[in-house]
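Q: Model the following, please.
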Amino acid sequence: MSSVPFTVPHLYGGFADCHGLLRGEGGHLILEFQVQDNLFGWIRGSPKTVRVPLVELESIELKPRWLRSSDLVIVAKSLTAVAAVPGSRQGRIRLRIAKKDLPMAEQFVAGAYETSVG
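A: Numbers count the residues shown, from 1 in each chain. Here you go, the predicted structure:
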């Protein structure tokens, strides 16, 4: 399964964005990401990796947005499963997927359900 590029916009009151890659690896969802400031783009955090077991997930859904992008919404069974991902709230992660990456995201979601999410 190929990696899907994503962003989590408007972190820290709009002062930062998160850019990363999402992929499946065995029975896990792998999120690699880096947080970068929105002012000049000079300040970047170190890259981080979060591994979420698929059995800890309730759902993975691609939700179209108006115009250019879609959101990949990942809902976990517990807060702790996704707490290390920037922007996670109430066990939910909303990853922005650019229009050019939608075919990869659709393929990812279909593959995740084949591996038995839910």
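Q: C-alpha only now, for contacts and for neighbours.
A: Will do.
Q: what residue is smack in the middle of the protein?
A: Central residue check for the chain by C-alpha atoms, centre = their mean: the C-alpha nearest the mean position is that of L95, 4.2 Å away.
Q: What helix or strand is that residue located in?
A: Secondary structure from DSSP states H and E places L95 in strand 92-97.
Q: Show the secondary-structure elements that that strand is packed against.
A: Applying 3 or more C-alpha pairs under 8 Å, 6 or more residues apart in numbering; DSSP states H and E, one finds that strand 92-97 makes contact with strand 4-11, strand 70-76.
Q: got a markdown table for these, with distance to A84, mean neighbour count and mean pLDDT too?
A: Rendered in a markdown table, the data for the helices and strands packed on strand 92-97 read as follows (distance: least, C-alpha to C-alpha, whole Å; neighbours: other C-alpha atoms under 10 Å; pLDDT from 0 to 100):
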| stretch | distance to A84 | mean neighbour count | mean pLDDT |
| --- | --- | --- | --- |
| strand 4-11 | 13 | 20 | 94 |
| strand 70-76 | 12 | 20 | 96 |
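Q: Save those as TSV, and put in distance to G91 too.
A: Rendered in TSV, the data for the helices and strands packed on strand 92-97 read as follows (distance: least, C-alpha to C-alpha, whole Å):
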stretch	distance to G91
strand 4-11	15
strand 70-76	5
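Q: who does the helix or strand of the chain with the lowest mean pLDDT touch, helix- and strand-wise?
A: Across the helices and strands of the chain, mean confidence by mean pLDDT, DSSP states H and E is lowest for helix 102-114: a mean of 86. If you count contacts as 3+ C-alpha pairs under 8 Å, 6+ apart, helix 102-114 packs onto strand 4-11, strand 16-25, strand 57-64.
Q: That one versus strand 4-11: what angle between them?
A: Orientation check (axes from the mean of the first three to the mean of the last three C-alpha atoms, to 10 degrees): helix 102-114 against strand 4-11 gives 100 degrees.
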